[in-house]
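Trainee: Here is my input; please provide its structure:
(4 chains)
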2 protein chains.
Amino acid sequence: MAKQRTPPPGQIKIKKAFLELMKTKDFHSITTAVIANQAGVTEGLIYKYFRDKKDLLYQVLEDYFNAFQETIETKIQSTDSSIEKLKIIIATSLASYTGNRVFARILLLEVRSAPEYFHCSAYRMVQRYARTILDIIRQGINNNEISREVDPKVLRKVILGAIEHACLGEILFNRDIDTETVSDNVCHIIFKGAQS
Amino acid sequence: MAKQRTPPPGQIKIKKAFLELMKTKDFHSITTAVIANQAGVTEGLIYKYFRDKKDLLYQVLEDYFNAFQETIETKIQSTDSSIEKLKIIIATSLASYTGNRVFARILLLEVRSAPEYFHCSAYRMVQRYARTILDIIRQGINNNEISREVDPKVLRKVILGAIEHACLGEILFNRDIDTETVSDNVCHIIFKGAQS
DNA sequence: AAAGATAAGTAAGCATTACTCACCAATCAG
DNA sequence: CTGATTGGTGAGTAATGCTTACTTATCTTT
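Mentor: Residues are numbered from 1 along each chain as shown, chains lettered A, B, ... in the order given. The predicted structure is shown next:
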């Protein structure tokens, strides 16, 4: 059996300090010196646990995405309808993003600009998330819930784009958002269409 | 009358060099030394024309967005139908992003993570673009083209999100994209719905 | 065309930053 | 006791973004 020991206190303190700093600053303007200071450790220790500053970002993202993924996969088992599953994903993702704004900012704004992100393990979890959505769409087309006219991959793009943009402004400017109402509205548009 | 002189050659060279570098590297990993070298000027000159490295990014973005905005506003005058206008915006934006991948990357990936971007003049043009979309949606609701059930701002979010995500993967991984087909598909989903 | 003013461009240096490395201290198995 | 593993330190270093004091070219105006 794997040892599964609790991580060393220094590592935890570094992650916590980093998350705290990310609440008010963007990644690039957070310095290693400040992280170490806030965590109450030395700069060198950061590099004992993380390959570099970005690795810290990716690991922190991964911690979150694990929980996110699990929540999603559990919730979508509550129904057999593909459209219902997709609605759950939209609502849950939205709630998750707005409830964890730091993570949302990391995922939607910070990591994507760095090419090496797409080779890190956190990205692999995003791919799995995207894959889940695609599978549900395909299933929905098979059992005639979803129109044969739509390209599954394009529908996925629309769904992912809608989720992200639905909360982006609110995350950027720290505004409140009524996720349920917005989520219902998004679903109405995507599944029933905006045309009258 | 405004002087409207051509900008000094140094400034042009810096912008060009920067754009060239942005084709293969992300903003943060491009150094001022390399920009200056590629442009054939000294590092100091960059700071004569641009407040800092980010200001260079913003100015280059603004140059592009001016052209983008103009194209959009001209094209949407070709029809009176609100839905047609929105379709034109979706198609034009998509084509514009995929045809100018460097700018798309700047706009969709690089600038947003820095808080000060939202106070720069390039962002003001984005706001105007978003405002245009909202106005069209409201008009569409008024003349019964668009369902009264949809919240205009949410519809805008879905449209913007769909546009961005529709080309994001292709931009990130430099894949080809058939903008027309994708655009038609996106419009079908947003206006007629994905449900069968 | 000379003088004065402004714009374009330079070269060197400064402060900060991410990152490294040699070392210390405590724990614990053999 | 010994020696190895683990958690942690602190003084560096190269490189980067940015500043500044300066020179040279270009334009205006008389």
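Trainee: what bits of chain A have low per-residue confidence?
Mentor: Along chain A, segments meeting pLDDT under 70 span A:1-5.
Trainee: can you map out the helices along it?
Mentor: A:9-22, A:32-39, A:43-49, A:53-75, A:82-99, A:101-105, A:121-142, A:152-172, A:179-187 (DSSP state H).
Trainee: Just put those helices in TSV and tack on distance to B:Ile189.
Mentor: C-beta coordinates here come from the backbone N, C-alpha and C atoms, glycine included. Formatted as TSV, the entries for the helices of chain A read as follows, by distance: least, CB to CB, whole Å:
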stretch	distance to B:Ile189
helix A:9-22	34
helix A:32-39	43
helix A:43-49	44
helix A:53-75	22
helix A:82-99	12
helix A:101-105	24
helix A:121-142	11
helix A:152-172	5
helix A:179-187	12
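Trainee: so how far is A:Lys85 from the spatially closest residue to A:Val126 that is not a sequence neighbour?
Mentor: Among residues not flanking A:Val126 along the chain, A:Phe65 sits closest, at 7.1 Å (CB to CB, 6 or more residues apart in numbering or on different chains). Per CB to CB, to the nearest Å, A:Phe65 is found 19 Å from A:Lys85.
Trainee: Then A:Leu107?
Mentor: Counting by CB to CB - A:Leu107 and A:Lys85 are separated by 21 Å.
Trainee: How about A:Leu56?
Mentor: 34 Å.
Trainee: ok, A:Ile163 - contacts?
Mentor: Under the criterion of CB atoms under 8 Å, 6 or more residues apart in numbering or on different chains, the contact partners of A:Ile163 comprise A:Ile90, A:Ser93, A:Leu94, A:Tyr97, A:Val186, B:Gly161.
Trainee: which among the residues you listed are in contact with DNA strand D?
Mentor: When the contacts of A:Ile163 are checked against DNA strand D using CB under 7 Å from any atom of the strand, none falls in range.
Trainee: Now render those as TSV, adding neighbour count and distance to A:Val150.
Mentor: Rendered in TSV, the data for those read as follows (neighbours: other CB atoms under 10 Å in any protein chain shown; distance: CB to CB, whole Å):
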residue	neighbour count	distance to A:Val150
A:Ile90	24	16
A:Ser93	25	20
A:Leu94	23	21
A:Tyr97	24	25
A:Val186	27	16
B:Gly161	23	16
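Trainee: Can you tell me which of those is nearest DNA strand C?
Mentor: When those are ranked by distance to DNA strand C (CB to the nearest atom of the strand), A:Tyr97 comes first, at 25.7 Å.
Trainee: Disregarding residues adjacent in the polypeptide, which is nearest to that closest one?
Mentor: In space, and not counting its chain neighbours, A:Tyr97 is closest to A:Ala104: 3.9 Å by CB to CB, 6+ apart.
Trainee: measure that neighbour to DNA strand D for me?
Mentor: In this structure, A:Ala104 lies at 26 Å from DNA strand D, with CB to the nearest atom of the strand, to the nearest Å as the measure.
Trainee: does that residue really touch A:Ser93, like I thought?
Mentor: No - taking contact to mean CB atoms under 8 Å, the distance of 9.6 Å between A:Ala104 and A:Ser93 leaves them out of contact.
Trainee: Comparing A:Leu107 and A:Lys85, which shows the higher neighbour count?
Mentor: It is A:Lys85, of A:Leu107 and A:Lys85, that has more neighbours when counted by other CB atoms under 10 Å in any protein chain shown, with 24 against 20.
Trainee: Skipping adjacent residues, who's closest to that one in space?
Mentor: Counting by CB to CB, 6+ apart, A:Ile76 is the residue found nearest to A:Lys85 once chain neighbours are left out, at 4.5 Å.
Trainee: what's the burial count for the one you found?
Mentor: Burial of A:Ile76, expressed as a neighbour count using other CB under 10 Å, amounts to 20.
Trainee: number of nearby residues for A:Asn144?
Mentor: Neighbourhood size, A:Asn144 [other CB under 10 Å]: 10.
Trainee: That one - nearest residue in space that isn't next to it in sequence?
Mentor: Distances taken as CB to CB, 6+ apart put B:Ser196 closest to A:Asn144, at 5.7 Å, once the chain neighbours are dropped.
Trainee: Now do the contacts for that neighbour.
Mentor: Applying CB under 8 Å, 6+ apart, we find B:Ser196 in contact with A:Asn144, A:Glu145, A:Ile146, A:Ser147, A:Arg148.
Trainee: The residues you listed into CSV, with extra columns for distance to DNA strand D?
Mentor: As requested, the contacts of B:Ser196 are exported to CSV (distance: CB to the nearest atom of the strand, whole Å):
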residue, distance to DNA strand D
A:Asn144, 55
A:Glu145, 50
A:Ile146, 47
A:Ser147, 49
A:Arg148, 51
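Trainee: so which pair among those residues is furthest apart in space?
Mentor: A:Glu145 and A:Arg148 (10.9 Å; CB to CB).
Trainee: wait, doesn't A:Thr179 sit right on A:Thr92?
Mentor: No - the criterion here is CB under 8 Å, and A:Thr179 misses it with A:Thr92 at 9.4 Å.
Trainee: and chain A, what are its domains?
Mentor: Per automatic domain parsing, the domain ranges recorded for chain A read A:7-50, A:53-192.
Trainee: Out of those domains, indicate the one that is most buried.
Mentor: Among the domains of chain A, domain A:53-192 has the highest mean neighbour count (mean count of other CB atoms under 10 Å in any protein chain shown), at a mean of 18.
Trainee: What's the end-to-end length of that domain?
Mentor: 45 Å (CA to CA, to the nearest Å).
Trainee: and which of the contacts of A:Ile163 is nearest to B:Glu20?
Mentor: Comparing the contacts of A:Ile163 against B:Glu20 with CB to CB places B:Gly161 closest, at 30.3 Å.
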